[in-house]
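[1] Sequence first, then the predicted structure:
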Amino acid sequence: MSPRPVFLGLLLLALPVLRAAEDRIPTPEPIGHSSDGHLIVRLGEKVQVYELEAGEKSYRQTASFWPASDAPLRAMVTDDGKFIVTLDTTLGMGRGDVVVVYDRTGRKVKSWKLDDILQPEDRAVVISTARGEWWRQDAVLYTDPAMLVVAGPSERFGAPKRRYWYALDLTTLAWAKKR
């Protein structure tokens, strides 16, 4: 038997999984906020940070800066406003600088590409599509301690049975695999 029919058969079996993953790749989230809502980070042409005025019912802009990566998909800010984090780009999830950390003024502190974060065994199971590399299902930013936790896709989203978790300590700027 020629390997060609076997390959085509395997390809046909894989298409629904790849298509399912492509449909679930996160879309841009133009607004992020601190857990209590007193800080808002807005993605547009620039990244803009707003703080709720004490005793007021309005926000004032505290920072406005050009993102280090092209058109981030998501931005988050810690409750104390010390760190602003952007994830991925509209050029393709998982491509280029996938995580960029800024200080409260918008100065870039550090950035990472996918290969800088994921260990080889986790990198090998990342689902690649024409729209990007689906390396995360969710991300949560904590203030105390200052940490970004990224969860890889689950089985429900077409990923392998093994789901990974990575944490970035924002004070040391070191990544650690949690699971």
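    It's in. Numbering: from 1, shown residues only.
[2] Restrict the host helix or strand of Leu141 to CA atoms and write it as PDB.
    Following DSSP states H and E, the helix or strand that holds Leu141 is strand 138-142. What follows is strand 138-142, C-alpha atoms only, in PDB (Å, rounded to 0.1, in the frame of the first residue of the first chain):
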ATOM      1  CA  ASP A 138      -6.600  31.900  29.100                       C
ATOM      2  CA  ALA A 139      -4.400  34.200  31.100                       C
ATOM      3  CA  VAL A 140      -4.900  35.800  34.600                       C
ATOM      4  CA  LEU A 141      -2.900  38.600  36.100                       C
ATOM      5  CA  TYR A 142      -2.400  38.700  39.900                       C
END
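[3] residues of the very next helix or strand once past that strand that come out buried?
    Heading C-terminal from strand 138-142, the first helix or strand you meet, by DSSP H and E, is strand 147-151. Neighbour counts over strand 147-151 (16 or more other C-beta atoms under 10 Å) mark 147-148, 150-151 as buried. To be clear about C-beta, it is placed using only N, CA and C from the backbone, and glycine gets the same treatment.
[4] and the very next helix or strand once past strand 147-151, which strands flank it?
    Next helix or strand after strand 147-151 toward the C-terminus (DSSP H and E): strand 165-169. Strand pairing for strand 165-169, using DSSP bridges, gives strand 147-151 (antiparallel), strand 174-177 (antiparallel).
[5] can I have strand 165-169 written out in PDB, keeping just the CAs?
    The C-alpha trace of strand 165-169 is given here as PDB (Å, rounded to 0.1, in the frame of the first residue of the first chain):
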ATOM      1  CA  TRP A 165       0.300  26.100  33.000                       C
ATOM      2  CA  TYR A 166       3.100  28.600  33.100                       C
ATOM      3  CA  ALA A 167       3.600  31.500  35.600                       C
ATOM      4  CA  LEU A 168       5.600  34.700  35.100                       C
ATOM      5  CA  ASP A 169       6.800  36.300  38.300                       C
END
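[6] hang on, the earlier thing: Asp116: which of the strands paired with strand 165-169 is closest?
    With C-beta to C-beta, the closest approach to Asp116 among the strands paired with strand 165-169 belongs to strand 174-177: 7.6 Å.
[7] contacting residues for the spatially most central residue of the chain?
    Centroid-nearest residue in the chain: Leu87, 3.6 Å away (criterion: C-alpha atoms, centre = their mean). Going by C-beta atoms under 8 Å, 6 or more residues apart in numbering, Leu87 touches 72-76, 98-99, 136, 139.
[8] Looking at those residues, which is nearest Ser35?
    Of all the contacts of Leu87, Ser35 sits closest to Met76, with 10.0 Å by C-beta to C-beta.
[9] could the strands paired with strand 165-169 go into JSON lines alongside mean pLDDT?
    Formatted as JSON lines, the strands paired with strand 165-169 follow (pLDDT from 0 to 100):
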{"stretch": "strand 147-151", "mean pLDDT": "95"}
{"stretch": "strand 174-177", "mean pLDDT": "97"}
